[in-house]
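J.: Next comes the sequence, and after it the predicted model I'd like to discuss.
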Amino acid sequence: MKIKVEKEKTSKSQNSFVRFWDWLWHSDSLLSWVVALAFAFVTVKYIFFPVLSLITGTQLPLVVVESSSMEHPGSLIGNVIGLESNVLLWWEEKGSWYEERDINIREAESWPLRTGFDKGDIMVVYGRFEPEVGDVIIFNANTQHPIIHRIINIKSDGTIETKGDNNNAQLPIEKNIPKDAIIGKAVFRIPKLGWLKLIFVELEKAIVGQN
């Protein structure tokens, strides 16, 4: 008798869950939309990101690019299929700065993410690596957001220098980066999807600027 009662309770619980799940994803009510959004938020923040952080070895496994400092000429095409001509176009504009520092075009052509990336892209970040010249790293620099630029020099004391591919020169804050400031390196690019976030960021800036 006791076993039968327990089975009935289990069956009722399962039926209640099925009804709730069906309501959550198939109902057109405002309440179901609110609950679904809250459920998605909790799932992403407290399950997806912690698991992804564990896999990638960094507390910031995904980064939305918020500036144009890593863009290349013609990058809308070049970034997607990695055109060599895209690298050559970029080198024609920016190459002299690198040549003055004994970095040649052949080295640049072998770099990861050699065609750069654009504002609004999402970069997948990996934390378990040994920095090398050419890596695109994400690092803390006492700024509002971490910076994502390319390593152009590793000094004898282990500190690192970076530069944005599209910038004309280095920023003062990227000339002596300690290794413990590095969050990870960019290993994969998801084009344009970050604009889902940046649209709200840009709107907020516009509203604040008007006040």
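T.: Cool, got the structure. Since the model is a prediction, treat every value here as computed from it, not as a measurement.
J.: And the helices in the protein?
T.: 2-26, 30-43, 49-56, 75-81, 84-99, 105-109, 195-210 (DSSP state H).
J.: weakest of the ones you listed by average pLDDT?
T.: Lowest mean pLDDT of the helices of the chain: helix 75-81, a mean of 53.
J.: Can you pull the domain assignment for the protein?
T.: What automatic domain parsing lists as the domains of the chain is 2-56, 62-199.
J.: For those domains, could you give me CSV that also reports mean neighbour count?
T.: Every residue, glycine included, has its C-beta placed from N, CA and C. Converted to CSV, the domains of the chain look like this (neighbours: other CB atoms under 10 Å):
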stretch, mean neighbour count
domain 2-56, 11
domain 62-199, 17
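J.: Leaving out chain neighbours, which residue sits closest to the most centrally placed residue in the chain?
T.: Residue closest to the mean C-alpha point of the chain, counted by CA atoms, centre = their mean, is residue 63 at 2.0 Å. What sits nearest to residue 63 in space, not counting adjacent residues and going by CB to CB, 6 or more residues apart in numbering, is residue 123, at 4.7 Å.
J.: Residue 95 now?
T.: Closest to residue 95 by CB to CB, 6+ apart is residue 105, at 6.4 Å.
J.: do residue 69 as well
T.: In space, and not counting its chain neighbours, residue 69 is closest to residue 164: 3.1 Å by CB to CB, 6+ apart.
J.: Same check on residue 201?
T.: residue 66 (7.1 Å).
J.: Contacts only, for the one you found.
T.: By CB atoms under 8 Å, 6 or more residues apart in numbering, residue 66 lies in contact with 119, 145, 198, 201.
J.: Equivalent analysis for residue 176, please.
T.: 155, 159, 161.
J.: In strands, which of the residues you listed appear?
T.: With strands taken from DSSP state E, the overlap with these comprises residue 161.
J.: Identify, from the contacts of residue 176, the entry nearest to residue 140.
T.: Proximity of the contacts of residue 176 to residue 140 (CB to CB) peaks at residue 159, which lies at 13.9 Å.
J.: so how far is residue 115 from that closest one?
T.: Taking CB to CB, to the nearest Å as the measure, residue 159 falls 28 Å from residue 115.
J.: One more: residue 93?
T.: In terms of CB to CB, residue 93 sits 14 Å off from residue 115.
J.: Same question for residue 195.
T.: 19 Å.
J.: For the residue lying closest to residue 64 once chain neighbours are set aside, give me its contacts.
T.: Excluding the flanking residues, the one nearest residue 64 by CB to CB, 6+ apart is residue 194, at 3.6 Å. Contact analysis of residue 194 by CB under 8 Å, 6+ apart lists 64-65, 120-122.
J.: Identify, from these, the entry nearest to residue 88.
T.: residue 121 (21.5 Å).
J.: show me what contacts the closest one?
T.: 64-65, 79, 189-194.
J.: is it true that residue 70 touches residue 165?
T.: Yes: with contact defined as CB atoms under 8 Å, residue 70 and residue 165 form a contacting pair (5.0 Å).
J.: between those two, what contacts are shared?
T.: 116, 149-150.
J.: and of the residues you listed, the nearest to residue 171?
T.: Using CB to CB, the shared contacts of residue 70 and residue 165 come closest to residue 171 at residue 149, 8.3 Å.
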